[in-house]
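**Q** Any chance you can model this:
(one chain, ligands or ions: 1)
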Amino acid sequence: MKIKIYPDYPTLSREAASRIGQYIATKPNAVVCIASGNTPVQVFHWLVENVRSGHLNIDRCTFVGLDEWVGIDKSNAGSCRNMMDRDFFHPLDIKESKIKFFDGMAGNLQQECDRIDQFIASHGALDVMLVGIGLNGHIAMNEPGTSFDHYSQIIDLSEETKVVGQKYFPKQTNLSRGLTLGLRHLRESKLPILMANGQKKASIIQKALTLPPTTEIPASIIQKIPHAMVLLDKEAAGLLPRPLAK
Ligand code: PGA
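**A** A predicted model of the protein is given here:
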């Protein structure tokens, strides 16, 4: 992994968008996965700006959703799909045929995982995969204890995620399971990016990047991916030892 530290969140977000844009410039039909959640909100802002200003062309890209809450409809403001619609798909008028997203309301959840895995496999692997990190070290909804070798899976959410996840919802919502891309997708993607900002992520970033990799901290898989990028703002990098935080 390669670690880059930026002075603040806006700079970090702009740089992440720029790296994604550079990748797409070399492969215009890239298959791109960018997490929903708070971390990438400004990355979406910059991607939208870059498309509108003519600096980025995403006409031939396909977009894959990272994860979704089981039992939550995409019309719900807290669903992962709804956040992506709001910040990215709708502002750029991206057609449904260009979007592959887990349906949290599907009757057959395993079929949903298979559908997304088959789509990714038909392209070899994801090109870009930008993920955040949960306070418990999860990546997407791959909770502590998840194998590093899984593709998409149905997950029983940790108690912490059920509580922290409430921040996305307008009212108290029962969260129990999720559908998520697997850590193997991250390992196999051509441009894996782990992004984190803010002081509250400093402690888990320190653990994920400095302790020996363990499935108890899913994000620690990033140490085992030589071509992975870790993009941080100063606050999230605040507890890293000097040699890593240079
Ligand atoms: P956040 O979520 O980007 O909203 O902080 C990250 C995560 O839980 O994976």
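**Q** what about residue 166, neighbour count?
**A** Using other CB atoms under 10 Å, residue 166 is surrounded by 14 other residues. (C-beta placed from N, C-alpha, C; glycine too.)
**Q** Likewise for residue 92?
**A** Using other CB under 10 Å, residue 92 is surrounded by 18 other residues.
**Q** Repeat that for residue 210.
**A** 13.
**Q** ok, the closest residue to residue 105 other than its chain neighbours - contacts?
**A** Among residues not flanking residue 105 along the chain, residue 73 sits closest, at 5.4 Å (CB to CB, 6 or more residues apart in numbering). By CB atoms under 8 Å, 6 or more residues apart in numbering, the residues touching residue 73 are 79, 104, 105.
**Q** where's residue 73, which helix or strand?
**A** Assessed by DSSP states H and E, residue 73 sits outside every helix and strand.
**Q** Tell me the buried residues in the longest helix that the chain contains?
**A** In the chain, assigned by DSSP state H, the helix with the most residues is helix 9-26. Within helix 9-26, the residues that count as buried by 16 or more other CB atoms under 10 Å are 9, 12-21, 23-24.
**Q** which stretches of the protein form strands?
**A** Using DSSP state E, the strands assigned to the chain run over residues 2-6, 31-34, 62-64, 67-69, 99-100, 128-131, 153-156, 177-180, 191-196, 229-233.
**Q** surely residue 15 meets residue 4?
**A** Yes - assessed by CB atoms under 8 Å, residue 15 is found in contact with residue 4 at 7.3 Å.
**Q** Need the residues touching each of those two.
**A** Common contacts of residue 15 and residue 4 (CB under 8 Å, 6+ apart): residue 231.
**Q** Quick one: name the residues of this structure near the ligand.
**A** Within the chain, the positions lying close to the ligand (CB under 6 Å from any ligand atom) are 37, 38, 39, 132, 133, 134, 138.
**Q** Now list the buried members of the residues you listed.
**A** For the residues of the chain next to the ligand, a burial check counting by 16+ other CB under 10 Å picks out 37, 39, 132, 133, 134, 138.
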